[in-house]
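**Student:** Curious how this folds, go ahead:
(chains A and B)
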Amino acid sequence: MAGASASTRALPGQALFRIWRGDAAGGEFQDYKTTIDPGMVVLDAVHRIQAEQAPDLAVRWNCKAGKCGSCSAEINGMPKLMCMTRLSELNLDMPVIIEPMHAFPSIRDLVTDVSWNFRVKKTIKKFQPRQPDNPDGTWTMHQRDVDRVQEFRKCIECFLCQDVCHVLRDHHKHDEFIGPRFFVYAAALEMHPLDTADRVPDLKKKHSIGYCNITTCCRQVCPESITITENAIIPLKERVVDEFFDPLKKLFHIL
Amino acid sequence: MAEYQTHPYDVLVIGAGGAGLRAAIQAASTGLKVGVVCKSLLGKAHTVMAEGGVAAALANVDDRDNWRVHFSDTMRGGQYLNNWRMAELHAKEAPERVNELEAWGALFDRTKDGKILQRNFGGHRYPRLAHVGDRTGLEMIRTLQDHGIHSGMEVHMECTVLSLLVDSGRVAGAFGYDREKGNFILWPAKAVVLATGGIGRAFKITSNSWEYTGDGHALAYRAGAELLDMEFVQFHPTGMVWPISVRGILVTEGVRGEGGVLRNSEGKRFMFDDIPDLYKAQTADNEAEGWRYTQGDKNARRPPELLTRDHVARCINREVKAGRGSPHGGVFLDIAWIKEHIPTAPEHIKRKLPSMYHQFKQLAEIDITKEPMEVGPTTHYMMGGVKVDGDSQMSTLPGLFAAGEVAAGLHGANRLGGNSLSDLIVFGKRAGEYAAQFAKTNAPAAIDKDRIQSAVDEALAPFDRGSQGENPYAIQHQLQESMQDLVGIVRTESEMQQALGVIDGLWKREAKAGVASHRQYNNGWHTAMDLKNLLTVSEAITRAAILRKESRGAQFRDDYPNKDPEWGKFNNVVRRGSDGGMIVEPRPVTPLPEGLKAIIEEMK
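**Tutor:** Numbers count the residues shown, from 1 in each chain, chains lettered A, B, ... in the order given. Now for the predicted structure:
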């Protein structure tokens, strides 16, 4: 798995792609040489390989414009969207290594089983608005009231933040911990100007927000540049502290 | 005998974009058992790509707006071939559906007095599009998804329907496979809602993802339902043209709504040169007035860049063909110029059009706050689709409903921007409601086991042929090239006849398509199975376009460049003949009731 040897080095106008092929039972890297054109992204190269050399190569994608979050993968070890990674950003003197996300079980080749994320979302209490402000059933909200939550609602659910989170990736705490994506989701609900539900006890007990030690890895890979750690997770941690670890409150409880 | 799992439902919804999710939410609210089958993961459907906004006459920004203006704008945009009942219901119900999204957690951009903000868009007389920057579709699909998962619906992700099942003249369910394992699944259902979206992948340059292979159109057609208006394919005027690999990706009309202008290589705003008579009274005749309109001056008329999409796309095409295009075969779309009027233009642009800023910066290394974009037409939307009843959305096959892009009628010969997102929620809700009603009043239908066996045999045939068979990707690419070249933005009889020949040849090659390896997440196999749908819709588009010997809305015929009032009285219907051949025939447009006719007259 070292760099390109003389025999595998690509010709000018070509690049070498080292793609993981396999399934839940295991797999290995396979090398594909393909021609490249100016402006191409990694997903284009994968598609070209699929159309010309490996029709059964499994890859998940949809919009090809960074808006749907389907084509998440690890490119040269970095969690990225394949559709938004230009070949010109990569060193093409070396093979481009493309792997599926590591935090989720393999289905085939570059496709992983991300269904856990959809199950987790259901465990978070749904949006519960306050009574409408106006007789026609609408609410009055100002832009400054919604700015903060609009940042969180940019999330395209690519799950790259989940992939890079060591609590999931290395410690496999999928049964106890919901990961950065769903802290952002919970923050969007908790900070929604109309919402009335309380998710703080769940965040502490059921969703183990305490496991996060704010290394900001999630924020660094977010293709939407959501300030996950500082704007979503830390404020939620503060709410947990306020509700469960406030010494004055504790005193009142004892009295 | 074929092996498959069975998941029975009262109502089965095929597709999980805005229309499918809204239909499923509605049907599930009646207490019925509702299943949703979607080709991708939940929340990834094409609705996520919608940028500019959702059209609804809320009158938050301009109090002169109301459903009657929205109705007449939609009819004018559709060149009066629209199903008037759908246009009426859509204009009346869109505001309620948008407010409902807010009650489910959506957060639209706000006006200064704390209401939902609305922006200008092509063909809409007043600022009408509720939006969230330029990611309105994401907000909408996520709101419906997050609300829907608590409504009781069951979702089958990454599953594709191969065939609708029919029993004594009514729908009986659907049969298909899951991508992950490649296993077959039977979904018996008392009522089925098609919400499968469009057909963009029949063309080479498109804003649509791999999923949009006309599945719903072809499923309905094969099951015996009628299709309508198949000649009307919308080419969005502004797709990216460079780099080649991103050619076709959408550049929102919101850029022009915020003051962006189109120029040719000579620096000229060519849209002022060609303003159709139907729109002369509402269109600015000088640049200063156009700018004032985009900045909310109620006395100004809209700039010609905001004429309807069909017209703007043709004007761009003309500039490029006349040699006045940009270096990569488009024209220039400039939003950076607004710095002449707005001192903080770069920040303003990034706030109003964040995705566009991001998209050009990342994919084309262009900073849209400093330099113009290169844009050209891209296949974007299908006006044609399953013929439905305006109130219930039921097709001509009892128990089969259709909503959203796969249904025809609302948009006539050309869709206005923003009317698609509102279409999804207005008619998604109606389809769900009436499908539930149908399911409650009808017993389960019988399942045709022979039909299932033949669907399985057909699906597995590419494996028998193996890698010796035709490469399915190559067949698909050739179809896309041919449709682009021969049945695209400018059409003529001879080229379309040639296209029919190509399609005929590709049907023969499709029958020889082969794939290697196994059924688990095999993209080559999926492509092979989608080919039938692509070929069916391509043939329907071409035949309907040949029959309509005039230019109207999205259809432009070089050999019949004018609008023919006689053709304004007919829609084309496509159906499968008893011998299996495709029949295309004109059907008279249902006359407008007096009340609606008066509204159109009044708004002229």
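**Student:** use CA for all of it now, contacts and neighbours both
**Tutor:** Will do.
**Student:** Give me the contacts around the lowest-mean-pLDDT helix or strand in chain A.
**Tutor:** Across the helices and strands of chain A, mean confidence by mean pLDDT, DSSP states H and E is lowest for helix A:247-254: a mean of 74. Defining contact as Cα atoms under 8 Å, 6 or more residues apart in numbering or on different chains, one finds that helix A:247-254 is touched by residue A:244.
**Student:** Check stretch B:501-514 too.
**Tutor:** Residues beyond stretch B:501-514 that count as contacts (Cα under 8 Å, 6+ apart) turn out to be B:461-472, B:475, B:479, B:482, B:528, B:531-532, B:535, B:538-539.
**Student:** now the strands for chain A?
**Tutor:** Assigned by DSSP state E, the strands in chain A fall at A:14-23, A:26-35, A:72-75, A:78-81, A:96-99, A:106-108, A:111-112.
**Student:** Scan chain B for its longest helix.
**Tutor:** Of all the segments assigned as helix in chain B under DSSP state H, the longest by residue count is helix B:523-547.
**Student:** Show me what whichever helix or strand comes after that one is packed up against.
**Tutor:** Moving toward the C-terminus from helix B:523-547, the first helix or strand encountered (DSSP states H and E) is strand B:570-576. Using 3 or more Cα pairs under 8 Å, 6 or more residues apart in numbering or on different chains; DSSP states H and E as the contact criterion, the elements in contact with strand B:570-576 are helix B:215-222, strand B:227-228, helix B:523-547, strand B:582-588.
**Student:** right, and the ones you listed - which one's nearest chain A?
**Tutor:** Smallest distance to chain A across the helices and strands packed on strand B:570-576 (Cα to the nearest Cα): 4.8 Å, for helix B:523-547.
**Student:** Tell me what angle the closest one forms with strand B:570-576.
**Tutor:** In terms of direction (axes from the mean of the first three to the mean of the last three Cα atoms, to 10 degrees), helix B:523-547 departs from strand B:570-576 by 140 degrees.
**Student:** in the stretch 151-255 of chain A, which segments are predicted with low confidence?
**Tutor:** Filtered on pLDDT under 70, the stretch 151-255 of chain A yields the residue ranges A:255.
**Student:** in it, what residue is nearest chain B?
**Tutor:** Nearest residue of the stretch 151-255 of chain A to chain B (Cα to the nearest Cα) works out as residue A:153 at 7.1 Å.
**Student:** what sits against that residue?
**Tutor:** Contacts for residue A:153 (Cα under 8 Å, 6+ apart) come out as A:185, A:188, B:139.
**Student:** any idea of the pLDDT on the last one?
**Tutor:** The predicted structure scores residue B:139 at 98 on the pLDDT scale.
**Student:** Give me the three-state assignment for it.
**Tutor:** Secondary structure for residue B:139, judged by DSSP: H, G, I helix; E, B strand; the rest coil, is helix.
**Student:** and the closest residue to it other than its chain neighbours, which of the three is it?
**Tutor:** In space, and not counting its chain neighbours, residue B:139 is closest to residue B:106: 6.3 Å by Cα to Cα, 6 or more residues apart in numbering or on different chains. On the three-state scheme (three-state DSSP), residue B:106 is labelled coil.
**Student:** Quick check on residue B:106: phi, psi?
**Tutor:** Backbone geometry at residue B:106, expressed as degrees, to the nearest 10, gives phi -70, psi 140.
**Student:** So is the one helix or strand residue B:356 maps to next to chain A?
**Tutor:** Under the assignment given by DSSP H and E, the secondary-structure element containing residue B:356 is helix B:354-364. Yes. Helix B:354-364 reaches chain A (Cα under 8 Å from any Cα of the partner chain) through B:359, B:362-364.
**Student:** Residue B:418 contacts residue B:54, correct?
**Tutor:** Yes. When contacts are counted by Cα atoms under 8 Å, residue B:418 is listed as touching residue B:54 (4.7 Å).
**Student:** shared neighbours of these two, anything?
**Tutor:** residue B:129.
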